[in-house]
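Undergrad: Provide a 3D model corresponding to the input given below.
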Amino acid sequence: MPGQNKPLVWGVFVLLVVGMVYGALYFYKSSLVSSAQSIDNDLASLEQKRDKPTEEKLLLLSKKLAVVGPLLASHIFWSEAFIKIQQLTATQVQFKNLNASLNNKEVTFKAEAANYTTVARQIASFLSDKSILNVSLGKVSSLPTGRVEMGMSLTFDPVTFLSKPK
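TA: I've put the predicted structure just below:
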């Protein structure tokens, strides 16, 4: 068309496009700033609601449990040893006394049994457990009631005898 200036039209067109992009980016920036301020306000309100002394106590407890956990995992459980002894003991045997020593790796006891056969079965029962290394029979004597009194000593492997089964 006569009288038109193409570079001027293109310049105005580019100026309008740049203006529209600038306006869109300006509104996008404003929405991001308001969103960030909203998040900052939420964080500030959460910070005010925190119970810092309780949090410090919980952190301390967590650290202590981290130290105590491995100790408990490798702890010696005498209760496990007593359960094994109970399971291996014949029903006709009654304990009078029992002494256990980790240093000697030994459990000694005096007991009464129904008869000599029960004593022999008791020895065999203890030897059937792989954690008991040796059984020593001490003094055996007959009582006036017809029962048999005995002394016995069990030598054990502390790793398998005293550890909690996994």
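
Undergrad: domain assignment for the chain?
TA: Segmentation of the chain into domains, based on automatic domain parsing, reads 6-73, 78-162.

Undergrad: most centrally placed residue in this structure?
TA: Nearest to the mean C-alpha position of the chain, counting by CA atoms, centre = their mean, stands Gly69 at 6.1 Å.

Undergrad: Could you measure from that residue over to Thr91?
TA: Distance, Gly69 to Thr91, by CB to CB, to the nearest Å: 39 Å. Backbone N, C-alpha and C define where each C-beta goes, glycine included.

Undergrad: returning to that earlier point: may I see the buried residues of the strand or helix carrying the residue nearest to the centre of the chain?
TA: Assigned by DSSP states H and E, Gly69 belongs to helix 52-73. Of the residues in helix 52-73, none count as buried by neighbour count, 16 or more other CB atoms under 10 Å.

Undergrad: Now do that helix, average pLDDT.
TA: Across helix 52-73, pLDDT averages out at 86.

Undergrad: same thing with stretch 117-130?
TA: This predicted structure assigns stretch 117-130 an average pLDDT of 94.

Undergrad: Any idea how far it is from the middle of the chain?
TA: Mean-position distance between stretch 117-130 and its chain equals 36 Å (CA atoms, centre = their mean, to the nearest Å).
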